[in-house]
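# Here is my input, please return the structure:
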Amino acid sequence: MNEAFQPLPLSAWQDTRDTLADYTRFVRRIRQFNSPPQKHYWHISLRPNATGLTSTPIRTPEGIIYELEFDFTEHVLRLKTSHGDQLEVPLLGQSAKQFKEETLAMLAELGIKPKYDEQEFNDDTARTYDETAVATYWDALIEIDSLLKEFRAGYYEETGAVQFWPHHFDLAMLWFSGRKVPGQDLDNPDYANEQMNFGFSTGDDGIPEPYFYATAYPTPDGWPGSNLPDGAYWNHEGWTGAVLPYQKVVEAQNGRQLLLDFLREAQHSGAQLMKDSPQ
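Below you'll find the predicted structure:
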């Protein structure tokens, strides 16, 4: 068994995963509504740090600089300001509505009144929060973060930061070929830039187990079906891309190397086919 990656079957912690998804989605909304827009929606993601996920610093119109940070070692949402103030909301499985209200009250205590959508996160149903399951997930996520950064470091082309996307509950990064997609509006980088996406999902309706993935936009002719490491496969249900089940990394003698091989092989074959395709 690979010590860096422990089993993480979705069925064993899905209720807790869904709770955490709602909590991170609310903090994402705080960042989204109170931060300057960035291309590729990089202003709505969260970023990994040493103990969890952070909104990164946000500035209020009054000049207060604050940050909201999920700490998955102490299981709290922590508010920090540039003046050293700190407050916390414990993660206890409270409803989405209660979590929202507690977070807003914590912000208000320091004079912070962020913009947000009052119509969202009003479900008052009590939720599940299993600290042991979250800790197992966090151990895997921080390891995957470091691996994606190692993978990203091997390319001179533009890449996005490794980011956590609450709406999909995945950790991912983008790689750009530097070429434009014919026929697309050049002022819309989401569609104008030829790119590949590499990430990790805890599982979803299409693939109900944790998995790593690689996708390309637009998908180059001949890319699906190209060589992948043992245990990986090509997905065609709902979306097209390469998949490496997380469990294969758990079982591998060297899980880090297997994951890096998967990412590099998918990128190399996709990038070569992009380069060879006519514009």
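
# Where does the record place the domain boundaries for the chain?
The record's domain parsing of the chain by automatic domain parsing lists 10-109, 141-276.

# Adding distance to residue 119 as columns, could you present those domains in JSON lines?
Where C-beta positions appear, they are placed from N, C-alpha and C, glycine not excepted. Shown next, in JSON lines, are the domains of the chain (distance: least, CB to CB, whole Å):
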{"stretch": "domain 10-109", "distance to residue 119": "11"}
{"stretch": "domain 141-276", "distance to residue 119": "16"}
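
# of those, which approaches residue 120 most closely?
Comparing the domains of the chain against residue 120 with CB to CB, the closest turns out to be domain 10-109 (6.7 Å).

# okay, residue 278: pLDDT?
Here the pLDDT value assigned to residue 278 is 66.

# Now do the longest helix along the chain: distance to the chain's middle.
Taking DSSP state H as the criterion, the chain has its longest helix at helix 10-34. Relative to its chain's centre, helix 10-34 lies at 11 Å (CA atoms, centre = their mean, to the nearest Å).

# What residues of it count as buried?
10, 13, 16-17, 19-20, 22-32, 34 (16 or more other CB atoms under 10 Å).

# what does stretch 164-180 give?
So, applying 16+ other CB under 10 Å, buried residues of stretch 164-180: 164-166, 169-177.

# from those residues, which ones fall inside strands?
Residues of these located in strands (DSSP state E): 164-165, 170-177.

# quick one: contacts of stretch 125-141?
4-6, 8, 12-13, 15-20, 22, 48, 52, 72-73, 75, 91-96, 164, 171, 200, 202, 210, 246 (CB atoms under 8 Å, 6 or more residues apart in numbering).

# per-residue confidence averaged over it?
So the average pLDDT for stretch 125-141 ends up being 97.

# Next: stretch 224-239.
In this model, stretch 224-239 has a mean pLDDT of 96.

# dump the residue contacts of residue 159.
Residues near residue 159 by CB under 8 Å, 6+ apart: 152, 173-176.

# and the closest residue to residue 65 other than its chain neighbours, what does it touch?
Nearest non-adjacent residue to residue 65, counting by CB to CB, 6 or more residues apart in numbering: residue 82, 3.9 Å away. When contacts are counted by CB under 8 Å, 6+ apart, residue 82 touches 57, 64-66.
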